[in-house]
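Asks: Fold the following for me, if possible:
(chains A and B)
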Amino acid sequence: MSTFRTPRGTQDLLPDARPGWDHVVSAFERRCRLFGYDRIETPTFESTALFARAVGIDTDIVSKEMYSFDDRGGDSLTLRPEGTASVVRAYNQHGMKNWSQPVRLYYVTPIYRYDRPQAGRLRQHHQIGAEVLGEADGHVDAEVIALTWGVLGDLGLADLQLNLNSIGDPDDRAAYREALLAYYRPLEDQLCRDCRTRLESNPLRLLDCKEASCQPHKAAAPHSIDHLSAEAAAHFEQVKAGLEALGIPFKVDHLLVRGLDYYTRTVFEIWPATVGGQTTIAGGGRYDLLSEFIGGDPLPGVGFGCGIERVLLNLEAAGLLPPPPTRPTVYIAPLSEAAQPTATGLAGRLRAAGIAVLSGYRGASPRSHLRRANTAGVRYAAILGDRELESGRVALRDMLSGLQEDVALNDLIAEIAKRSASPSG
RNA sequence: GUGGCCGUAGCUCAGUUGGUUAGAGCGCUUGGUUGUGGCCCAAGAGGUCGGGGGUUCGAUCCCCCUCGGUCACCCCA
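Replies: Okay, here's the model as predicted:
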């Protein structure tokens, strides 16, 4: 056993896991093309200050989960802990305001957060995500949600629940915060210990409490949408109208507040049918102030992130993982040292003709060669021994039927092409 | 960062109330007479019994620490 292992909370992506992974990403990219989004790739690390200012210095992500380090020049850099800040940074850096608006971008990227690993939670996980920059209309929020919803639907995930809320603009949030405090303060001695702490540190989090005794208080707590400005309220109506026009079912969840400071107005999360620990598979919202947080001009934006590993867990649970990829068509079995050069040359010509070849090498018995061909799942084995070398032919064995016939070396490509073209072959 | 449970071959797991060379199934390699797969049979390779320390004549087994996994909390994807 090797001394080294993957660092805590990280995993190797082995060949068996590849089909599922590619399945998710290609479903996403198909949807992105359908919606007219272009791919962007930003650096794995950015200036630490970018995330601190965008996500918020008091958030868990920034205060305790970032992989930050000083490089040899003394700059503080951080491995990307979320996807949005980099995209907004790129918009500003490259003058995308001069592009046709809005700008629609998507990404597939690793995300790093120093957190205690558990089911569906890793220190390096991967997200697919998209952002729309430069348009404030609530129907764009609906578009982004539709993109997310469509990807998960394309993958076959059923019983998804879309939770939607609006936390308004900063003034609205401040007013709502006061309303929450006014409601909760008199109840203080009935609250759980955590909630009493939240009362001081982060009142919005009171709505997240899972303690049974706090549930009745949550249910009767004031709603954020009752504290929206006229503009924010109208915007929320646009989002809902957009979703209704798209036929996407949603539930307004008054308890939904998200943990990144940049969110304004729309927030949403998508939950799978199974309920347990880490169940949110996608989440996002609007962030009209983010650009200004990081020193840019005002820029409305909305986007989402979706955890690939969590999607895969759900696909696996639902039996929706795709089948293994196709195997090479031909296994080449050289039976002797003398046959090896011919076998190598044959493999080269077959591949040049577009036929997938798995090369066997001398030193294995005919039995071993065929066992390997069998395990590999190829359709044909091309056997080259001394007999074949003398006659300039090759024994072509159909691994499905067990039928075998000699074919002239020069006719092999045509023979395989003919067989794969015919319905029986 | 907090708490519960767990850690024996690549995988899934036995095992020893502390006692000489640690087991199975699957997988892998090779073989079952002349050049032929899948089933079957056999042999082989593969383990510092997660790591370190302690108790003991002796520890994979008991104790402590540590690392890792897992579940819940926190938070999030």
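Asks: give me the residue from chain A nearest RNA strand B.
Replies: Going by Cβ to the nearest atom of the strand, RNA strand B is nearest to A:Gly259 of chain A, at 0.8 Å. Every residue, glycine included, has its C-beta placed from N, CA and C.
Asks: element containing that residue, please.
Replies: Using DSSP states H and E, A:Gly259 sits within no helix or strand.
Asks: and it, how many neighbours does it have?
Replies: Neighbour count of A:Gly259, defined by other Cβ atoms under 10 Å: 15.
Asks: burial measure for the nearest residue in space to it that is not next to it in sequence, as a count.
Replies: Take A:Gly259 and drop its neighbours on the chain: the residue closest to it by Cβ to Cβ, 6 or more residues apart in numbering is A:Thr59, 5.8 Å away. Number of residues near A:Thr59 (other Cβ under 10 Å) recorded here: 20.
Asks: In contact with the closest residue to A:Trp271 other than its chain neighbours, which residues?
Replies: Using Cβ to Cβ, 6+ apart and skipping the chain neighbours, the partner closest in space to A:Trp271 is A:Gln161 (4.6 Å). Taking Cβ atoms under 8 Å, 6 or more residues apart in numbering, we find A:Gln161 in contact with A:251, A:270-273.
Asks: any idea which helix or strand of chain A has the worst average confidence?
Replies: helix A:193-201 (a mean of 78; mean pLDDT, DSSP states H and E).
Asks: residues of the helix or strand following it that come out buried?
Replies: Using DSSP H and E, the helix or strand that follows helix A:193-201 towards the C-terminus is helix A:215-220. By 16 or more other Cβ atoms under 10 Å, the buried positions in helix A:215-220 come out as A:217-218.
Asks: what do you get for stretch A:189-206?
Replies: Of all the residues in stretch A:189-206, those buried under the rule 16+ other Cβ under 10 Å are A:191, A:194-195, A:198-199, A:202-204, A:206.
Asks: Just the closest of the residues you listed to A:Asp226, please.
Replies: Each of those was scored against A:Asp226 by Cβ to Cβ, and A:Leu204 proved nearest at 14.5 Å.
Asks: Need the nearest residue in space to that closest one, chain neighbours excluded.
Replies: A:Val257 (4.4 Å).
Asks: Point out where chain A drops to low pLDDT.
Replies: A:1-3, A:273-278, A:423-425 (pLDDT under 70).
Asks: Let's see that with 50 instead.
Replies: Flagging of chain A using pLDDT under 50 yields the residue ranges A:1-2, A:275, A:425.
Asks: Could you chop it up by domain?
Replies: By the assignment in automatic domain parsing, chain A contains the domains A:15-169+A:229-317, A:330-421.
Asks: which one of those domains is the most hemmed in?
Replies: Of all those, domain A:15-169+A:229-317 carries the top mean neighbour count, a mean of 18, counting by mean count of other Cβ atoms under 10 Å.
Asks: end to end, how far does it reach?
Replies: Length of domain A:15-169+A:229-317, first residue to last, Cα to Cα, to the nearest Å: 20 Å.
Asks: What of stretch A:349-361?
Replies: Using Cα to Cα, one end of stretch A:349-361 lies 17 Å from the other.
Asks: Is it positioned near RNA strand B?
Replies: No: Stretch A:349-361 does not reach RNA strand B (Cβ under 7 Å from any atom of the strand); its nearest approach is 9.8 Å.
Asks: quick one: contacts of that stretch?
Replies: Residues external to stretch A:349-361 that are found in contact with it (Cβ under 8 Å, 6+ apart): A:326-334, A:340, A:343-344, A:347, A:369, A:372-373, A:376, A:378, A:412-413, A:416-417.
Asks: Cross-reference these with the strands and report the matches.
Replies: A:330-334 (DSSP state E).
Asks: how much space between the spatially closest residue to A:Ala233 that is not a sequence neighbour and A:Gly296?
Replies: Excluding the flanking residues, the one nearest A:Ala233 by Cβ to Cβ, 6+ apart is A:Ile225, at 7.2 Å. With distances taken as Cβ to Cβ, to the nearest Å, A:Ile225 is found 29 Å from A:Gly296.
Asks: rewinding a little: Serialize the ones in strands among the contacts of stretch A:349-361 to JSON lines and add fields for distance to A:Gly242.
Replies: What follows is the ones in strands among the contacts of stretch A:349-361, written out as JSON lines (distance: Cβ to Cβ, whole Å):
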{"residue": "A:Val330", "distance to A:Gly242": "53"}
{"residue": "A:Tyr331", "distance to A:Gly242": "55"}
{"residue": "A:Ile332", "distance to A:Gly242": "57"}
{"residue": "A:Ala333", "distance to A:Gly242": "61"}
{"residue": "A:Pro334", "distance to A:Gly242": "64"}
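Asks: what would these look like in CSV with distance to RNA strand B?
Replies: Putting the ones in strands among the contacts of stretch A:349-361 into CSV (distance: Cβ to the nearest atom of the strand, whole Å) gives the following:
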residue, distance to RNA strand B
A:Val330, 13
A:Tyr331, 10
A:Ile332, 12
A:Ala333, 7
A:Pro334, 10
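Asks: coming back round to it: so which elements touch the least confident helix or strand of chain A?
Replies: Counting contacts by 3 or more Cβ pairs under 8 Å, 6 or more residues apart in numbering; DSSP states H and E, helix A:193-201 is packed against helix A:170-184.
Asks: quick check, stretch A:316-327 touching RNA strand B?
Replies: No: contact of stretch A:316-327 with RNA strand B (Cβ under 7 Å from any atom of the strand) is absent, the minimum separation being 11.3 Å.
Asks: If you count neighbours, what's buried in that stretch?
Replies: Neighbour counts over stretch A:316-327 (16+ other Cβ under 10 Å) mark A:318, A:320-321 as buried.
Asks: Would you reformat these as CSV and include secondary structure?
Replies: Output for those, formatted as CSV (DSSP: H, G, I helix; E, B strand; the rest coil):
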residue, secondary structure
A:Ala318, coil
A:Leu320, coil
A:Leu321, coil
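Asks: show me what contacts A:Val144?
Replies: With Cβ under 8 Å, 6+ apart, A:Val144 has these contacts: A:130, A:132, A:284, A:302-304.
Asks: quick check, nearest of those to A:Leu147?
Replies: The closest of these to A:Leu147 turns out to be A:Ala130 (Cβ to Cβ; 5.9 Å).
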